[in-house]
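[1] This is a predicted model, with the sequence first.
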Amino acid sequence: MVTTNLTRRGVIQTGAAAGAGLALPTILTAGSHAGFTNAPTGSTVTLGFNVPQTGAYADEGADELRAYELAVEHLNGGGDGGMLSTFSSKSLNGTGILGKKVEYVTGDTQTKPDAARASARSMIEKDGAIMITGGSSSGVAVAVQSLCQEAGIIFMAGLTHSNDTTGKDKKANGFRHFFNSYMSGAALAPILASNYGTDRKAYHLTADYNWGYTTEEAVRTSTEAMGWETVAAVKTPLAQTDFSSYIAPVLGSGADVLVLNHYGGNMVNSLTSAVQFGLRAAEANGKNFEIVVPLYSRLMAKGAGKNVAGIFGSTNWHWSLENVAGSKYAGSNAFVQSFGTKYGFPPSQAAHTVYCQTLLYADAVQRAGSFNPCAVAEALEGFEFDGLGNGPTVYRAADHQCIKDVLVVKGKENPENDFDLLEIVDVTPAEAVTYDPAIFGGDLGSCNPGA
Amino acid sequence: MFGLEKRDANLLIAVGALVLLAPIFLNPFPEGSALAQFNAGYPDLMQRFVIFGIFAIGFNILFGLTGYLSFGHAAFLGAGSYAGVWMLKLLTINVIPAIVISTLVAGVFALIIGFISLRRSGIYFSILTLAFAQMSFALAASVLTPITGGETGLQTALDDPRILDAANESRNIPAPSLFGLHMNDSAQLAVGDWLWTFNVGYYVAGIVMLAAFYVAIRIFRSPFGMMLRAIKSNQQRLNYTGLNTRPYMLACFVISGMYAGLAGGLMVSMDPLAGAERMQWTASGEVVLMTILGGVGTLIGPVLGAGLIKYFENIFSKINDNLLHQWFSFLPQGLEDFVVTIIHPFIGKGWHLTLGLMFMAVIIFLPGGLVELGQRASKLFKKRNPPQTGGQKEPAE
């Protein structure tokens, strides 16, 4: 069947073809555009919204998309302007960004780093997105952030709570408005001590990826510092939906507090399972058994129903903040108002953080007078602002992390409606949760404008 | 030519031309037009086309020739990916060691799994390979986190040693390159309203794919390939004639695994991140779909199948309701909403549904896959021009 006839002509032909093939790439090395990747040329500018539309964090992703659409509407001068009117920086005027109308493309991260990067790459390469934002998982955020660093695109992180995002994996082109595990631990510990005492034994169930690790570590460190003991820490796969085999051993372990380092659908399932196993009603070591959820959101509370009653956790923002804690948090009500008018229900913290990120990016471009990632990064670094619902906030230059107040919340015992599920217990001031950016290591590198 | 028969040589040249010109004909619609949504000529997707083409070609060497259905081929893709990223981290940012080592690592991995799994055939073989792949996935996702990065994935970092490279002074992670040619570099050519992107990484992957395709043709046409076909048609008879088929099977399995590893190595060379879900059973199932959709046991089929599935995954999944409303805005309001509601389940995250329906249609009406579609079309064409003599009688290959 095989004809191996080495002829002179054949060899020359083969050699020529191979040579041409090898030479081909060298012709194509010239960068096509000067300046920076995807410099907008027409009358529009495209933003890429990369959110989970399927998987454990799909609820958060859907709410993020709503907020993005709202932000684009406000940037283009539509709607009631939302937080544009309360934002301390007044450079945005409702004519898009630098006079260009804002358009957007969406992608599905599937809460998988691989898929998220593929989706982000197609938005950058095919749709010419100038900025990528979104995500509802730290694994995805870290992966997409490093992709944006390589491609020369600004990444405005969505809901990502791991220390790594602006810690060991921080990048010069990446920025995060959301708070992190360390801040959760620091804000929660005093509240836990005053409610549950300083002599407790904790059992951790931890989502098996970078966010879970740093959250577990942050909560362990801050609770052990006040006298708690950690009995065991068990990792659970992100894709897990049935947690009964993980919950079953908890009661017999000698622990009297269960810490659920879970988020989204994971937390809904594990908490429901814990309640079904009777953990809330149980007693251990002569005390009431308690459950703690370090990172809380209204969407999760909704999913878990009345199981959340009385359970403590921390959150980046809650729609009732301005009503409860006063006008220091101006902007909250304006955002809730315009989100509610458009969609008929209050926004979640995921929606809030991505809305803020979109505005912050647009404002930075406007102030820098250029879409160049390096100019935008410079405008964001050390930027102090107010009026976006979290009180006075600073975008720290050393690690591109926003430093602001942290909310400690509790599941309501008798919620009045579907949205009134959490009550704000305390607002921990920014000073109490600030840390030295060097403690998590990592290196920002230098800003990359791309081609 | 190239030691091939004329027909195979023509096929190889045709595939070569397709690979060379893909950036042009994959962008048939002008930039900014409503149909530009369906353009596929951007580097990421083109790279995926050829890389998954390699993966499917390799899978077809096993499944198409011997009929052994492996449900765990993604494990080799994943093993190759991790090996590749580690080479980019430890040795050099040049992609050649990454590609070579990932192929070898996958080969060794396939040797171990194949040695055990090939003791059984049929469904038991499939289940064994599936079990191994799921085991590898579980290991990569949790137990082996220090090596694989767990669910976060493994990626290059600023402080990687890269012992063969000069010290990195730019304070930026270097992009994978081939002797200084960055994989993500592209040249763009605007002709009228059309914009064509010629990407370095794509052509590197494309050349590797052509080489892989050439080797596959040689295997198909070799006595070794003949033996594998004999195993497919009746393994028992071969055994009764006193012939030991296991070395042939094992060699075939390892070659197939090395193709998967090569694809994994290329994937991380284009985009240096390896995630554990690359090893999940859905990824193994995907390559089975690609091969069957394109045409099992044919040379070009798996490449076509891979292209079709990746196209659906990346293009159909990006169509959202907003776009639909734009397209159908010429209809009256009520009718527009109705049409959008009807189409909605088939686009965006519902692209799996579209793919599933198409897969069923292919299996029912075209058991030979896309290749059979092509053959039927050409037969129809030939019937209209009867003077042609000696119509092809050979079975689909």
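    On my side now, so go ahead. Numbers count the residues shown, from 1 in each chain, chains lettered A, B, ... in the order given.
[2] low-scoring stretches of the chain, by residue?
    No chain in the question, so chain A it is. Low-confidence segments of chain A, defined by pLDDT under 70, span residues A:1-34, A:451.
[3] Chain B, not that one
    Low-confidence regions of chain B, defined here as pLDDT under 70, cover residues B:1, B:384-397.
[4] same thing but at 50, please
    In the prediction, chain B carries residues with pLDDT under 50 at positions B:388-397.
[5] now the strands: where do they sit in it?
    Listed in chain order, the strands found in chain B under DSSP state E are B:154-155, B:177-178, B:181-182, B:186-191, B:194-199, B:273-274.
[6] To residue B:382, which of these lies closest?
    Nearest to residue B:382 among these is strand B:194-199 (34.1 Å), distances taken as C-beta to C-beta. C-beta: built from backbone N, CA, C; applies to glycine.
[7] which secondary structure elements does the closest one contact?
    Based on contacts counted as 3 or more C-beta pairs under 8 Å, 6 or more residues apart in numbering or on different chains; DSSP states H and E, the elements that strand B:194-199 packs against are helix B:6-25, helix B:43-66, strand B:186-191.
[8] Report the spatially nearest residue to the one residue in the stretch 151-300 of chain A that gets nearest to chain B, omitting neighbours in sequence.
    Shortest the stretch 151-300 of chain A-to-chain B distance, computed as C-beta to the nearest C-beta: residue-wise this is residue A:209, at 3.8 Å. The spatial neighbour of residue A:209 that comes closest, neighbours along the chain excluded (C-beta to C-beta, 6 or more residues apart in numbering or on different chains), is residue B:151 at 3.8 Å.
[9] swap in residue A:184?
    According to C-beta to C-beta, 6+ apart, the nearest residue to residue A:184 is residue A:314 (4.3 Å).
[10] Pretty sure that neighbour sits against residue A:296.
    Yes - in terms of C-beta atoms under 8 Å, residue A:314 counts as a neighbour of residue A:296; the distance is 6.4 Å.
[11] what residues do these two have in common as contacts?
    residue A:409 (C-beta atoms under 8 Å, 6 or more residues apart in numbering or on different chains).
[12] Please save the CA atoms from the helix or strand harbouring the residue nearest to residue A:184 in PDB.
    Assessed by DSSP states H and E, residue A:314 sits inside strand A:312-315. Output of strand A:312-315 as PDB, limited to C-alpha atoms (Å, rounded to 0.1, in the frame of the first residue of the first chain):
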ATOM      1  CA  PHE A 312     -23.700  35.400  60.400                       C
ATOM      2  CA  GLY A 313     -21.600  36.300  57.400                       C
ATOM      3  CA  SER A 314     -20.000  39.300  55.700                       C
ATOM      4  CA  THR A 315     -20.900  41.000  52.500                       C
END
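[13] Restricting to C-alpha, output the helix or strand following that strand in CSV.
    Toward the C-terminal end, the helix or strand that comes next after strand A:312-315 (DSSP H and E) is helix A:321-325. The C-alpha coordinates for helix A:321-325 follow below in CSV (Å, rounded to 0.1, in the frame of the first residue of the first chain):
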residue,chain,number,x,y,z
LEU,A,321,-27.2,49.9,53.5
GLU,A,322,-28.0,53.6,53.1
ASN,A,323,-31.3,53.2,54.9
VAL,A,324,-29.7,51.4,57.8
ALA,A,325,-26.3,53.1,58.1
